[in-house]
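Asker: Here is a sequence together with a model predicted from it:
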Amino acid sequence: MRTSMSSERARKRTKKSRDVESGGRQVAVRLPTVTIQRADALAERISQPGIDVSRSGALRVAVHRGLDAIEADKKGRKRPMEDSGDAGQTQTAVRLHDDVIERVDALAARISQPGLTVARSEALRLAILCGLDELEAEHA
């Protein structure tokens, strides 16, 4: 019994140290296939010789850019291009620092209304779509 408790603590400690070393936590989000394709295309456009940007890297940049754009637009006029009409969705994971996750959670709380709670994943999707719009316009 004592050995299993020790190994459980060691496993938790190892997971926690991996999160700290990597500088963030993985957050899963379901995205329409067309959004995944947009992220892949953006990754190719912003890659440079010797620096290959992955899908999750492009999504991470989109989250940052989208949050910046949404937070700068105090009147709520900023609306991303919808990626609807695509029935297929893909779950993907993005590693985000805790401060970014806090910004996503604050966005979810800000856009929630009585009787309609916006989940972290929905706010993250909003930030990704808004960020992709911004980055595609910049790197067109």
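Answerer: Perfect, I can see it now.

Asker: mean confidence score for stretch 133-140?
Answerer: For stretch 133-140, mean pLDDT rounds to 90.

Asker: Make 832 the first number, not 1, from now on.
Answerer: In the new numbering, first residue 832, that becomes stretch 964-971.

Asker: for the protein, what spans make up the helices?
Answerer: 833-853, 864-877, 886-903, 929-942, 951-969 (DSSP state H).

Asker: which one of these lies closest to Gln920?
Answerer: With C-beta to C-beta as the criterion, Gln920 lies closest to helix 864-877 of the helices of the chain, at 6.9 Å. Using the backbone N, CA and C atoms, a C-beta is placed for each residue, glycine as well.

Asker: Show me what the nearest residue to Ser952 once chain neighbours are set aside is bridged to.
Answerer: Among residues not flanking Ser952 along the chain, Val860 sits closest, at 5.0 Å (C-beta to C-beta, 6 or more residues apart in numbering). Assessed by DSSP bridges, Val860 has beta-bridge partners Thr923.

Asker: need the contact list for Val860.
Answerer: Going by C-beta atoms under 8 Å, 6 or more residues apart in numbering, Val860 touches Gln922, Thr923, Ala924, Val925, Ser952, Leu955, Arg956, Ile959.

Asker: If you rank these by neighbours, which is first?
Answerer: Ile959 (28 neighbours; other C-beta atoms under 10 Å).

Asker: Look up how far Ser943 lies from that residue.
Answerer: According to C-beta to C-beta, to the nearest Å, Ile959 and Ser943 sit 18 Å apart.

Asker: Arg956 touches Ala859, doesn't it?
Answerer: No: with contact defined as C-beta atoms under 8 Å, Arg956 does not reach Ala859; the gap is 11.6 Å.

Asker: Need the residues that contact stretch 926-945.
Answerer: By C-beta under 8 Å, 6+ apart, stretch 926-945 touches 853-858, 887, 891, 894-895, 898, 901-902, 949-951, 953-955, 957-958.

Asker: try it again with 7 Å
Answerer: Contacting residues not belonging to stretch 926-945 are listed as 853-858, 887, 891, 894-895, 898, 901, 949-951, 953-955, 958 [C-beta atoms under 7 Å, 6 or more residues apart in numbering].

Asker: likewise stretch 864-878?
Answerer: 884-886, 888-890, 893, 914, 917, 919-921, 923, 959-960, 963, 966-967, 970.
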